[in-house]
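>>> sequence and predicted structure are below.
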Amino acid sequence: MTLDPGFDKWVWLGFFGLLAVLGVRAWVVERSRGRLARTPGWVRTLTGASVVMVAVVLGLMWVQGGQQVVNAVVNRVDPVTGLPLDQPAAAVVAPAADPNAPVDANGVPVNGPAAGTPGTP
């Protein structure tokens with residue numbers, strides 16, 4: 001599954017819309033507290049809008065990668081490669097020595113120019 005980076009703006013716009021609806025609802029609730037009356041219709045409407053916005057934001061987050069996160073946690077797989085995390089890591093093997101490298105009389109590899117011999121510029 002590939003994620004569309006252009007879809008991220010809709011997730012953020014949905015989140016900011018949720019914050020705006022919650023802010024307006026809080027303002028309406030605080031203004032109506034002075035009357036000590038029953039809950040105004042605006043508060044009930046804004047509560048319903050808040051629930052809808054939460055559902056929208058969660059749905060957008062699910063589409064933009066939440067599904068991969070849940071799959072990775074539940075099935076213990078790497079979300080990038082899809083390989084199980086239960087498999088042991090492959091052993092790291094040092095690269096073999098170059099068979100054409102120069103060696104001295106004892107079979108020890110020679111590293112660089114001999115002592116006293118200047119290197120070529």
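Received the coordinates, thanks.
>>> residue 48 versus the closest residue to residue 32 other than its chain neighbours, what's the distance?
Take residue 32 and drop its neighbours on the chain: the residue closest to it by CB to CB, 6 or more residues apart in numbering is residue 40, 5.1 Å away. All C-beta spots, glycine's among them, are computed from the backbone N, C-alpha and C. Remark: distance between residue 40 and residue 48 (CB to CB, to the nearest Å) = 13 Å.
>>> can you check residue 30 too?
Remark: distance between residue 30 and residue 48 (CB to CB) = 19 Å.
>>> kindly report the same for residue 3.
Residue 3 is 31 Å from residue 48, by CB to CB.
>>> any idea where the helices of the chain begin and end?
For the chain, helices defined by DSSP state H occupy the ranges 8-32, 41-61, 67-75.
>>> let me have the ones you listed in TSV, extended by distance to residue 84 and mean neighbour count.
Converted to TSV, those look like this (distance: least, CB to CB, whole Å; neighbours: other CB atoms under 10 Å):
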stretch	distance to residue 84	mean neighbour count
helix 8-32	29	14
helix 41-61	25	15
helix 67-75	8	12
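>>> I'd like the distance from stretch 24-37 to the chain centre, please.
Centroid displacement of stretch 24-37 relative to its chain, using CA atoms, centre = their mean, to the nearest Å, is 39 Å.
>>> returning to what we had before: just put the helices of the chain in JSON lines and tack on mean pLDDT.
Shown next, in JSON lines, are the helices of the chain (pLDDT from 0 to 100):
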{"stretch": "helix 8-32", "mean pLDDT": "90"}
{"stretch": "helix 41-61", "mean pLDDT": "91"}
{"stretch": "helix 67-75", "mean pLDDT": "82"}
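>>> alright, calling it a day.
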